[in-house]
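**Q** Test case, fold it:
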Amino acid sequence: MILYNVTVNIEKGVEKEWVNWMKDTHIPDVLATGKFIENKFYRIMHDAEDGSVNYSVQYFAESMELLMEYQKEYAPKLQQDTIDKFKDKFVVFRTLLESVE
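**A** Numbers count the residues shown, from 1 in each chain. Reported below is the predicted structural model:
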């Protein structure tokens, strides 16, 4: 199992709009690619020093191959959609984790 973790630092002034957009649009669009079997969405329990807030959006793929297909075929457009909507209001950090069985 591969976990694609997207940590987002979002400005507090657009937090509510961003959370709603993530839940109603972005996460469903990512899952509609068929490359992930589930996702989880968390607010990180501390605010940044600059007053922004942090979230972890987690997507679970059954294989690295599926994740790489997502990265190649879908990620550029979906990431651009986020940039277009929220411009300079966020910073993102992406991490890949592999399940240790």
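**Q** drop to CA atoms for contacts and neighbour counts, all remaining ones
**A** Noted.
**Q** What segments of the chain are helices?
**A** Secondary structure of the chain by DSSP state H: the helices cover 15-21, 27-31, 64-73, 75-86.
**Q** Using JSON lines, lay out those together with mean neighbour count, distance to Thr7 and mean pLDDT.
**A** Formatted as JSON lines, the entries for those read as follows, by neighbours: other CA atoms under 10 Å; distance: least, CA to CA, whole Å; pLDDT from 0 to 100:
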{"stretch": "helix 15-21", "mean neighbour count": "15", "distance to Thr7": "13", "mean pLDDT": "97"}
{"stretch": "helix 27-31", "mean neighbour count": "16", "distance to Thr7": "14", "mean pLDDT": "98"}
{"stretch": "helix 64-73", "mean neighbour count": "14", "distance to Thr7": "16", "mean pLDDT": "97"}
{"stretch": "helix 75-86", "mean neighbour count": "13", "distance to Thr7": "13", "mean pLDDT": "96"}
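**Q** closest to Val57 out of those?
**A** Val57 lies closest to helix 27-31 among the helices of the chain, at 8.6 Å (CA to CA).
**Q** Give me the distance between the closest one and the centre of its chain.
**A** For helix 27-31, the separation from the chain centroid amounts to 10 Å (computed by CA atoms, centre = their mean, to the nearest Å).
**Q** Contacts for it, please.
**A** Applying CA atoms under 8 Å, 6 or more residues apart in numbering, the contact partners of helix 27-31 are 36-39, 78.
**Q** do the same with stretch 15-23
**A** Defining contact as CA under 8 Å, 6+ apart, one finds that stretch 15-23 is touched by 10, 53, 86.
**Q** now, among those, which is nearest to Thr25?
**A** When the contacts of stretch 15-23 are ranked by distance to Thr25 (CA to CA), Phe86 comes first, at 13.5 Å.
**Q** Contacts only, for that closest one.
**A** Counted by CA under 8 Å, 6+ apart, Phe86 has contacts Trp18.
**Q** What's the separation between it and Glu11?
**A** Look at Phe86 and Glu11: by CA to CA, to the nearest Å, they are 10 Å apart.
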